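**Student:** One predicted model, sequence on top.
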Amino acid sequence: MIEVRYERGVYLPQQNLWLDPWDAKPFAFISHAHNDHVAPHEEIIVSQRTARLLKSRLPGRRIEHILPFGEKRRVHGLDLMLLPAGHIFGSAQCFLFLGNETLLYTGDFKLRPGKSAEQVQWREADTLIMETTFGLSRYRFPPTQQVVDQIVSFCRETIEAGEVPVLLGYSLGKAQEILCSLDGVGLTPMLHGSVYQMTRIYEQLGQSFCKYVRYRANDVAGKVLICPPSANRSHMLERIPRKRVAMISGWAVDPNAVYRYQVDAAFPLSDHADYDDLIRYVDFVRPRRVFTLHGFAAAFACDLRARGVEAWALTEQNQMELHLSAADNALPVDPCAEVSRTAESTQGSFHKQVSDTRSEFLAFAKVGEAIAATPAKLEKIRLLSDYLRELTSEQLPVITTYFTGRAFAQSDPRTLQVGWSVIVRTLQGATKIDDAAFHSIAARHGDTGKTAFEVLDARTTPRPFTIVESRELFESLHRARGPLAKAQLLQDRFSISSAREGQYIVKILTGDLRIGLREGLVEEAIAKAFDVPLDQVKQANMLLGDIGETAALALRNEVHQAQLSLFRPIKCMLATPLPSAESVWQRFVDVGDVDGGSALATQPAIFLEDKFDGIRAQLHRSADRVEIYSRDLRRITGQFPELVDQATNFQEKLIVDGEIIAFEEGRRLTFFDLQKRLGRKSDGEDLFARAAADVPVAFVAFDLLWLNGESLLRTSLRERRARLSEVRLPPQFQIAKVVSARSAAEIEQAFRQARRHLNEGLMIKDPESLYLPGTRGMFWFKLKKELATLDVVVVAAELGHGKRNNVLSDYTFAVRDETTGGLLRIGKAYSGLTDAEIAELTEHFKQNTLADHGRYREVKPDIVLEVAFNSIQPSARHASGLALRFPRIKAIRRDKNVDSIDTLQYAHELAARDAQIQQSVSPEVA
DNA sequence: TATGACTGCCC
DNA sequence: ATTCTGC
DNA sequence: GCAGAATGGGCAGTCATA
């Protein structure tokens, strides 16, 4: 069969033809002139009208094969025919004659007659590649005339109310359709510039419209303004004080369209086929197989399979699946299709519950439960490795990624934007459970996953769920814009998920499996499953930042092939915290003192560096490219354009490890200044010019991992440092000064010196150590000390989560305001107490509760804690107006009571001192 | 238009 | 970030 | 000693809504 691939556009490799590719290609069919299809290709096949529209959208030279509709032509030995697609003016489908096979690619299309687009035509074809923008059954559009009538009424009523109606629709296609709809109803359309321009081209090509005028700012009264959606909230519209804005789009059938588009009304007039028409079209074309594209491609393909039509969503991720199925000329196993066919043949309901052993995702969840059930690490590994061995090469990467609590690989920058709030709403929506029942379940668990299980249990109609479909769910969640759209997707899935499946979907969404197994054990399971050395698996995962790809390599026995290379960030080496210079020194003595002789005399020197308070960063630089990655392998290049500019001045190709700090000579900047630059959007150069001026940064390099093609991971720190010191640095780059030490006293002195330089603390490193990515080994240590401690009183306590579900483990505490005598909250902390102490305090607080709010209770202020922290500063978070950085409990002060706690005034003194230190001098870097 | 809730990602 | 706990 | 689990503050961006 004809091979079909997808890579930012449909690609037919045997014909070397691209269909609507996003990027410039040598030879492509362009279905219509919307911007997302316009790229500077070398040679294109287009309809006559599309060619004309393209001229205005993308001037420039290219070879154009302009084909009439309905006539078979030969281009580069390829027999093909264009058919009208009915989407917009000039939009075409491409029908290919390939030997004794035929293929129809729809591009964007609609079946309903449009007033400004040619009527769609079709032919039967063996392979149908179709757009499925509205491929969910809830997208059914009302009759066109009904919608047009609504739009006209909206315009009339708005004008009668003395306001200006504004209709939003794409300037090419939709706007002209609206224009035609207003013909003969006695309204005068006024066109936004871009709409006007496009409409004039339509007219040159023979289309005629009713009378309209071009936009003039002082002449809008009584007119109907037609603008592209991008004009909403623009300066142009803001100048019209009294207006009502309506979005004209198929998405208007979504109940929340008005909010989503920030408009007063929304009307479902679309240039795309709705769900019913998509189904009808497949019936017309009678294809042997269907590939779906855009929108709800996966869901629609599944629906088609349920109707007995072989159908697959075309996405990048499906390449392997398609390739294999095309090569084998066989269908991949798919329980969805399987089950639905049975249901159909017995005339039963599609939604009839089927035995859940059919659900691949349920099988995954059950393995998770088995792993959770045993506390033994080796047993967990065994359970997982047995399961991994059963998986197909397509499922394996997905499942291993899930077992690290992620939907996407670590190095994959995609996020879901689905958190606790969306999940809770969705669970309620999917089950129609009432608020009281829901909250009673949630309160009992304090674990979203368990809550999901109990809420969904017996309240859903489970249908089988394949691993590939689960991956598609997460991809759709990522793609969906806004919490409402995401919630809808998730709710649809929950309503057909078993309780166990829902629980594991939630676990992945929250990034927290809580089954006593994380990445480290997954690596071990992969090694065990495919009988490859563990260190190779760890190495590969570290280099790839992708446990799924690592597993795939292990399956093919290719893990050893992973290599450190430019622009593939690796996890950084971490340091183990130690409380004192003496304890640090002891580590090195213990290691070196093998012969029992005098350690001090024989100890080689150890390396000391200041610990900078910035963000850990890995800089990759080649002759023509620079990238910066964060500790979690996020690409943060865009946040620091000035560093990127400077980094082009290196003489070498390299990977350096270091810290980006807020830094300016003669000025004390802190982590908080730096943080202002972190989440910022990377587009908009002027924003950055300003940010860079506000918060200048420096890159302090302290390690060299790769140089001109050579990996230095397996060379000693001493050697790496020597090589780093030879690198010529551009401005804004510095090298962290390294000094040697041979005693605890020297470490202590260096620590004090680092503090005097206003750095966070001291790093202590074994000069002979190799670079061990991702591990907090015994080769690097860090020494930090608290700024101060405060004696505070606990005023509220909360139930914890997970294994702390039944104890009051999280304490809110307060200081005394001397002026009023009242208690003012200053922070929260849990860490620092042992389980026994938490249990004891739980009992105490239960008996000394002032107000019980469920998971949270106010308690009698009689437990005094000594709380340590690293800095204290003004904040609106707590009533005291101060907040602590890294608060932790140092001790329960049983010797103190509420009358002897520290005061707000004292806390303010600490904060003032903290702030003053910050401002006094410039820090020293190198 | 302004604000707060939510999310993700730094420490 | 910090800290504790079970293997 | 390691890996896992449960917890802190603050910032920017997005979306929903007053």
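**Tutor:** Nice, thanks for sending it over. Numbering: from 1, shown residues only, chains lettered A, B, ... in the order given.
**Student:** use CA for all of it now, contacts and neighbours both
**Tutor:** OK.
**Student:** how about the strands of the stretch 1-150 of chain A, start to end?
**Tutor:** A:5-6, A:10-12, A:17-19, A:27-29, A:43-47, A:63-67, A:73-75, A:78-84, A:92-98, A:101-105, A:127-131 (DSSP state E, counting those that start in this stretch).
**Student:** Surely residue A:630 is in contact with residue A:619?
**Tutor:** No: between residue A:630 and residue A:619 there is no contact under C-alpha atoms under 8 Å: 9.1 Å.
**Student:** neighbour-wise, which of those two wins?
**Tutor:** Between residue A:630 and residue A:619, counted using other C-alpha atoms under 10 Å, the more crowded position is residue A:619 (27 against 20).
**Student:** Local confidence estimate at the residue of chain A found nearest DNA strand B?
**Tutor:** Residue nearest to DNA strand B within chain A (C-alpha to the nearest atom of the strand): residue A:419, separated by 2.8 Å. Per-residue pLDDT puts residue A:419 at 89.
**Student:** DNA strand D versus the nearest residue to it once chain neighbours are set aside, what's the distance?
**Tutor:** Excluding its sequence neighbours, the residue lying closest to residue A:419 (C-alpha to C-alpha, 6 or more residues apart in numbering) is residue A:510, at 6.5 Å. Plainly put, residue A:510 is 11 Å away from DNA strand D if you go by C-alpha to the nearest atom of the strand, to the nearest Å.
**Student:** is any part of stretch A:559-577 close to DNA strand C?
**Tutor:** Yes: counting by C-alpha under 7 Å from any atom of the strand, DNA strand C has neighbours in stretch A:559-577: residue A:577.
**Student:** Check stretch A:810-824 too.
**Tutor:** No: Stretch A:810-824 does not reach DNA strand C (C-alpha under 7 Å from any atom of the strand); its nearest approach is 12.2 Å.
**Student:** From the rest of the structure, what touches that stretch?
**Tutor:** The contact list for stretch A:810-824, computed with C-alpha atoms under 8 Å, 6 or more residues apart in numbering, reads A:791-800, A:825-830, A:878-880, A:901-905.
**Student:** So which of those residues belong to strands?
**Tutor:** A:791-799, A:825-829 (DSSP state E).
**Student:** Quick check: the farthest pair among these?
**Tutor:** Pairwise distances across the ones in strands among the contacts of stretch A:810-824 (C-alpha to C-alpha) peak at 22.7 Å, for the pair A:791 and A:799.
**Student:** Please say which of these two ends up with more neighbours.
**Tutor:** residue A:791 (24 against 21).
**Student:** what's the spacing between that one and residue A:170?
**Tutor:** Residue A:791 sits 63 Å away from residue A:170, going by C-alpha to C-alpha, to the nearest Å.
**Student:** Likewise for residue A:47?
**Tutor:** For residue A:47, the distance to residue A:170 - C-alpha to C-alpha - is 20 Å.
**Student:** And chain A, what are its domain boundaries?
**Tutor:** A:5-138+A:274-320, A:144-267, A:360-530, A:574-590+A:604-675+A:693-783, A:789-917 (the TED database).
**Student:** Any idea which of those domains gets closest to residue A:539?
**Tutor:** domain A:574-590+A:604-675+A:693-783 (8.5 Å).
**Student:** which one of the ones in strands among the contacts of stretch A:810-824 is nearest residue A:720?
**Tutor:** residue A:829 (39.9 Å).
**Student:** circling back to that earlier point, what's the closest of the ones in strands among the contacts of stretch A:810-824 to DNA strand C?
**Tutor:** Among the ones in strands among the contacts of stretch A:810-824, residue A:829 lies closest to DNA strand C (C-alpha to the nearest atom of the strand), at 9.2 Å.
**Student:** Point out where chain A drops to low pLDDT.
**Tutor:** A:35-38, A:57-60, A:233-235, A:255-262, A:315-357, A:590-603, A:682-693, A:917-926 (pLDDT under 70).
**Student:** picking that back up, of the ones in strands among the contacts of stretch A:810-824, which ones also sit close to DNA strand C?
**Tutor:** Answer for these near DNA strand C: none qualify (C-alpha under 7 Å from any atom of the strand).
**Student:** Pipe the residues you listed into CSV and attach distance to DNA strand D per row.
**Tutor:** As requested, those are arranged in CSV below (distance: C-alpha to the nearest atom of the strand, whole Å):
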residue, distance to DNA strand D
A:791, 16
A:792, 14
A:793, 15
A:794, 13
A:795, 13
A:796, 11
A:797, 10
A:798, 8
A:799, 6
A:825, 9
A:826, 7
A:827, 4
A:828, 4
A:829, 4
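**Student:** Can you tell me which of those residues is closest to residue A:718?
**Tutor:** Closest to residue A:718, out of all of these and judged by C-alpha to C-alpha, is residue A:829, at 39.9 Å.
**Student:** and the closest residue to residue A:662 other than its chain neighbours, backbone torsions?
**Tutor:** Of all residues beyond its chain neighbours, the one nearest residue A:662 is residue A:697 (4.3 Å), with distances taken as C-alpha to C-alpha, 6+ apart. In terms of degrees, to the nearest 10, the main-chain angles of residue A:697 are phi -130, psi 160.
**Student:** just residue A:198 next, same as before
**Tutor:** Dihedral angles (degrees, to the nearest 10) for residue A:198: phi -70, psi -40.
**Student:** Neighbours of the closest residue to it other than its chain neighbours, how many?
**Tutor:** By the measure of C-alpha to C-alpha, 6+ apart, the closest residue to residue A:198 outside its immediate chain neighbours is residue A:172, 6.0 Å from it. Other residues lying near residue A:172 total 23 when counted by other C-alpha under 10 Å.
**Student:** Residue A:382 now?
**Tutor:** 17.
**Student:** part of a helix, is it?
**Tutor:** Yes: under DSSP: H, G, I helix; E, B strand; the rest coil, residue A:382 falls within a helix.
**Student:** wait, isn't it in contact with residue A:526?
**Tutor:** No: between residue A:382 and residue A:526 there is no contact under C-alpha under 8 Å: 10.0 Å.
**Student:** check contacts around the residue nearest to residue A:662.
**Tutor:** Counted by C-alpha under 8 Å, 6+ apart, residue A:697 has contacts A:660, A:661, A:662, A:663, A:664, A:674, A:732.
**Student:** Just the ones of these in strands?
**Tutor:** Using DSSP E, the contacts of residue A:697 in strands are A:660, A:661, A:662.
**Student:** which residues do residue A:630 and residue A:619 both contact?
**Tutor:** Common neighbours of residue A:630 and residue A:619 (criterion: C-alpha under 8 Å, 6+ apart): none identified.
**Student:** Test my guess that the residue of chain A closest to DNA strand B contacts residue A:511.
**Tutor:** No: in this structure, residue A:419 is not within contact of residue A:511 by C-alpha under 8 Å, at 9.6 Å.
**Student:** between those two, which one's more packed in?
**Tutor:** residue A:511 (16 against 13).
**Student:** returning to that earlier point: will you turn the contacts of residue A:697 into JSON lines that also has neighbour count and distance to residue A:579?
**Tutor:** As requested, the contacts of residue A:697 are exported to JSON lines (neighbours: other C-alpha atoms under 10 Å; distance: C-alpha to C-alpha, whole Å):
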{"residue": "A:660", "neighbour count": "24", "distance to residue A:579": "25"}
{"residue": "A:661", "neighbour count": "25", "distance to residue A:579": "24"}
{"residue": "A:662", "neighbour count": "25", "distance to residue A:579": "27"}
{"residue": "A:663", "neighbour count": "24", "distance to residue A:579": "28"}
{"residue": "A:664", "neighbour count": "15", "distance to residue A:579": "31"}
{"residue": "A:674", "neighbour count": "21", "distance to residue A:579": "27"}
{"residue": "A:732", "neighbour count": "16", "distance to residue A:579": "33"}
